[in-house]
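S.K.: Model the structure of this input:
(2 chains)
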Amino acid sequence: DTGVSQNPRHKITKRGQNVTFRCDPISEHNRLYWYRQTLGQGPEFLTYFQNEAQLEKSRLLSDRFSAERPKGSFSTLEIQRTEQGDSAMYLCASSPAGDSGNTIYFGEGSWLTVV
Amino acid sequence: QKEVEQNSGPLSVPEGAIASLNCTYSDRGSQSFFWYRQYSGKSPELIMFIYSNGDKEDGRFTAQLNKASQYVSLLIRDSQPSDSATYLCAVSDQGGKLIFGQGTELSVKP
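M.R.: Numbering: from 1, shown residues only, chains lettered A, B, ... in the order given. Below you'll find the model as predicted:
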């Protein structure tokens, strides 16, 4: 399977703990995106990379959230000191280029439950 | 704040009918428009994209774009129960990231 791969698929953590999600994009895609989605809402943009460069980060994103893409391949999203409001599906997506109009393809998502 | 607006629904149509899903967007400079389908508990799946004014057809799906009215729609002909899902409208900004609406829940009744 050459689609976007995310893991873990499900994570239950206690409030205050740190969690990390990993995303492996489609191999020839140099753009990688992170979104967050809660029940009844559309995906909310968090951040994106072109190769290893983080080009944009949502202003809504708390400083407890950090993302990296160290070698321009896989990416990690870390949430520090988790809160119950962080419970959501975290979606990774990739696209082949930076031009507006290139479609993005989502992974299966990583579900986070903070208890 | 760039926005994409959709009616949350639910929109209920009988099997075999045409389902019409609508979306408006605020950024007049937007160039690319996308429709994703999302089944409950799953991630969004791309259905169609459209760049130019007018209609674009793919099987039972037709996307319609009117940039002057900042309006994009998705028509699903011969709706099937398997089409029951949430449909997400997304607009690409100048940097290429997608901004999503809240989604419209579609229910197709047998």
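S.K.: Show residues contacting the host helix or strand of A:Y90.
M.R.: If you go by DSSP states H and E, A:Y90 is part of strand A:88-95. Outside strand A:88-95, the residues that touch it by CB atoms under 8 Å, 6 or more residues apart in numbering or on different chains are A:4, A:6, A:21, A:23, A:25-26, A:29, A:31-38, A:43, A:46, A:75, A:77, A:102-107, A:109-112, B:43-44, B:96. Where C-beta positions appear, they are placed from N, C-alpha and C, glycine not excepted.
S.K.: 7 Å - rerun?
M.R.: Around strand A:88-95, the neighbours that count as contacts under CB atoms under 7 Å, 6 or more residues apart in numbering or on different chains are A:4, A:6, A:21, A:23, A:25-26, A:29, A:31-38, A:43, A:75, A:77, A:102-107, A:109-112, B:43.
S.K.: So what's the model's average confidence on that strand?
M.R.: Across strand A:88-95, the average pLDDT comes to 96.
S.K.: So which elements touch whichever helix or strand comes after it?
M.R.: Once strand A:88-95 ends, the next helix or strand along the chain (criterion: DSSP H and E) is strand A:105-106. If contacts are counted by 3 or more CB pairs under 7 Å, 6 or more residues apart in numbering or on different chains; DSSP states H and E, strand A:105-106 sits against strand A:88-95.
S.K.: Any stretches of the chain with poor pLDDT?
M.R.: No chain in the question, so chain A it is. A:1, A:98-102 (pLDDT under 70).
S.K.: that's the other chain; I wanted chain B
M.R.: For chain B, the ranges with pLDDT under 70 are B:1-2.
S.K.: near chain A, which residues of it show up?
M.R.: Residues of chain B lying close to chain A by CB under 7 Å from any CB of the partner chain are B:31-32, B:34, B:43-44, B:46, B:49, B:51, B:88, B:92, B:94-103.
S.K.: that older thread, partners of the strand holding A:Y90 in the sheet?
M.R.: Sheet pairing for strand A:88-95, assigned by DSSP bridges, gives strand A:31-37 (antiparallel), strand A:105-106 (antiparallel), strand A:110-114 (antiparallel).
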